[in-house]
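Trainee: what would the 3D arrangement of this be:
(one chain, ligands or ions: 1)
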Amino acid sequence: MATAQPNLYSFPSTEALAQQLRPYVLRAQNAALAHHDSFRVAVSGGSLPTVLARALLSPSNGSSEDTPQFAKWHIFFADERAVPLDHDDSNYHLLKEELLNKIPAELGAPTVHTIDEAHINDSEPQELADLYQEELLRVFAAKESVKLPIFDLILLGCGPDGHTCSLFPGHELLREKDAWVAAISDSPKPPPKRITLTLPVVTSAVQVAFIATGDGKKEILKSIFDSEEGRSLPSALVNKGGGEKVSWFTDDAAVQGVAFPRRGNL
Ligand SMILES: O=C1O[C@H](COP(=O)(O)O)[C@@H](O)[C@H](O)[C@H]1O
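Mentor: So this is what the prediction gives:
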């Protein structure tokens, strides 16, 4: 279990945040490409795809370090809702609208790993979760058996209740130790049927970034960073398990009143 503290960064605006998120993501990409010639990243839904698109679609300075090499990206979803891929509630649909459809052809196309639509109407989403876990196995364990998939980067949101992925406060899934991908049928936030990466997978990633903006997040961030009671919230458990591998990209509105020390520039 990590003991070091997460990094908390705060920026005056979402635009300033996106400008700093870009080199952070591209450094993770470049390290992954040097190591295994692919970039394995998991992304969330909610407010994240818009900020991520703003970061990645801004003009490059022309250097290879500052260029997304999307053809080498494997994009997974940190969580996904059991709905058709063209449904407004689909995290894939959101990413497609915000980012995937807008990637210029010269940057290449990522391999995007979606849920199997054939199982979205199952009464329980367990098969959906199992099939998604098999998809992870295909990409992460093609040559050897691995205990956990080690994502190069996981990009997370934090809900106003402290949830992240589809891991909700007090839910039994927070205790899941074995599965890589879990099913949830009683999500307190609609839609109720979802799949989610589990905490051991999230905290095993090389790097984890939360993106949380707006004053609607300030009470929960105070709780996560400054209070004893907040320590069992899902997002706080990622901080606890991931320690210094975890970086929070926030705007000033979201961390208004948070006492936890900010880091300087990245
Ligand atoms: O339901 C979800 O919510 C979280 C948080 O969303 P946000 O809009 O508050 O950033 C999101 O990270 C997750 O992927 C999504 O399924």
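Trainee: rest of the way, CA atoms for contacts and neighbours
Mentor: Noted.
Trainee: residues from this protein in reach of the ligand?
Mentor: Applying C-alpha under 6 Å from any ligand atom, we find that the chain lies next to the ligand at 44-48, 79, 156-159, 164-166.
Trainee: now the strands for the stretch 1-150 of the chain?
Mentor: 7-11, 39-43, 73-77, 79-81, 111-112 (DSSP state E, counting those that start in this stretch).
Trainee: so which of those strands comes closest to G241?
Mentor: With C-alpha to C-alpha, the closest approach to G241 among the strands of the stretch 1-150 of the chain belongs to strand 7-11: 13.4 Å.
Trainee: quick one: distance of the closest one to the chain centre.
Mentor: Here the centre of strand 7-11 is set off from its chain's centre by 17 Å, with C-alpha atoms, centre = their mean, to the nearest Å.
Trainee: go on, stretch 125-132?
Mentor: For stretch 125-132, the distance to the chain centre is 19 Å (C-alpha atoms, centre = their mean).
Trainee: begin at 8 from here
Mentor: New numbering, starting at 8: the last item is stretch 132-139.
Trainee: could I have the CA atoms of it written out in CSV?
Mentor: Extracted in CSV, the C-alpha atoms of stretch 132-139 (Å, rounded to 0.1, in the frame of the first residue of the first chain):
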residue,chain,number,x,y,z
PRO,A,132,-24.2,-6.9,-16.4
GLN,A,133,-21.9,-9.7,-15.2
GLU,A,134,-21.3,-11.1,-18.6
LEU,A,135,-20.6,-7.6,-19.9
ALA,A,136,-17.9,-7.2,-17.2
ASP,A,137,-16.4,-10.6,-17.8
LEU,A,138,-16.2,-10.0,-21.6
TYR,A,139,-14.5,-6.6,-21.0
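Trainee: just the buried residues of that stretch, please?
Mentor: 132-137, 139 (16 or more other C-alpha atoms under 10 Å).
Trainee: out of these, which are inside helices?
Mentor: Among the buried residues of stretch 132-139, DSSP state H puts 133-137, 139 in helices.
Trainee: of all those residues, which comes closest to the ligand?
Mentor: A136 (14.4 Å; C-alpha to the nearest ligand atom).
Trainee: list the contacts for the closest one?
Mentor: Listed by C-alpha atoms under 8 Å, 6 or more residues apart in numbering, the contact partners of A136 are 188-190, 202-203.
Trainee: again, only using 6 Å
Mentor: Neighbouring residues of A136 by C-alpha atoms under 6 Å, 6 or more residues apart in numbering: 188-190, 202.
Trainee: could you single out the most deeply buried of the strands of the stretch 8-157 of the chain?
Mentor: Most buried of the strands of the stretch 8-157 of the chain, by mean neighbour count (mean count of other C-alpha atoms under 10 Å): strand 86-88, with a mean of 28.
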